[in-house]
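# one predicted model, sequence on top.
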Amino acid sequence: AVWGSPGSGKSTVAVKLAKYLVGKKRNVVLLTCDMTAPMLPCICPPADLECEHSLGSVLAAAQVTQSLVRHNLITHKKYDYLTLMGMLRGENEYTYPVYERQQAEELLDCLRSIAPYIIIDCGSHIANDILSAIALMESDAVLRLVNCDLKSISYLSSQLPLLKENQWDADKQYKVASNVRPNEASDHIEQVLGSVTFQLPHSLELAAQVLEGNLFKELSLKDSRGYRKNLEAITKEVFGC
């Protein structure tokens, strides 16, 4: 599960992790949970997706079954090992009936039986996002992202008590300083955030991909070298590959 403050790069990291694993011919499901700002239209061009199915229609079912989940997974035309699930353009949390914890748990259970690697791009607002909250509790590992600014840190500190109430396992979380710029020295980051497991540096090329809405593109420029290196380190630590 990838979670953190708004604008911390959760979706970007989730997509790049999925792409890295797919490059190693691992079967991956990328689940994007955000219902207030659907991420599927933001991570790749619509023409790259085989069909249009919505996460909302799965969670609206009285019972989430494996056949229902398989039917609603979206295949990426360029990557044989990748399928996706999320909300579609123009949808929001009121497009479908309200779902309960049961549907969220059933969905995650089904996905575990479909692919060995499930990457979940969680929404930031876990108090009102059942699926993201359940994903944080049930995932084998959590990347907790935060930008190095006071607003991000304030948001994160306001949300952490909610996770503690839900018996969130602190031992499975990795703290990640995201979008670190050259003027944000390591000692300053440690002072503000406390110890972090990983740092992901700012990349102009990556920022351009975000604006373009095509996060599955390769990172090839020199300014992305540090990001690629650190992403590989995260993948080896978290996924063992």
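All right, it came through fine.
# which residues does the one residue sitting closest to the centre of the chain bridge with?
Nearest residue to the geometric centre of the chain (Cα atoms, centre = their mean): D121, 2.1 Å. Going by DSSP bridges, D121 is paired in beta bridges with V2, T32.
# that one is in contact with G4, isn't it?
No. Checked against Cβ atoms under 8 Å, the pair D121 and G4 is beyond contact range at 10.5 Å. C-beta here means a position set from N, CA and C on the backbone, and glycine is covered the same way.
# and for these two, which residues touch both?
Jointly contacting D121 and G4 under the rule Cβ atoms under 8 Å, 6 or more residues apart in numbering are K10.
# quick one on the thing from earlier: gap between the residue nearest to the centre of the chain and K16?
Relative to K16, D121 is positioned 11 Å away (Cβ to Cβ, to the nearest Å).
# and what of A60?
Counting by Cβ to Cβ, the separation of A60 from K16 is 30 Å.
# okay, those two: which has more neighbours?
Comparing A60 with K16 by other Cβ atoms under 10 Å, the one with more neighbours is K16, at 23 against 15.
# give the contact list for that one.
If you count contacts by Cβ under 8 Å, 6+ apart, K16 has them with L215, L219, L231.
# next, the contact list for I126, please.
I126 touches W3, S132, A133, L136, Q159, L162, L163, counting by Cβ under 8 Å, 6+ apart.
# how many other residues sit next to the third one?
For A133, the number of neighbouring residues by other Cβ under 10 Å comes to 23.
# same question for the one 5 residues further on.
Per other Cβ under 10 Å, the neighbour tally for E138 reads 15.
# my read is that it contacts L108, right?
Yes. Taking contacts as Cβ under 8 Å, E138 lies within contact range of L108: 5.7 Å.
# chain center to the longest strand that the chain contains, what's the gap?
The single longest strand within the chain, with elements called by DSSP state E, is strand 173-180. Offset of strand 173-180 from its chain centre (Cα atoms, centre = their mean, to the nearest Å): 13 Å.
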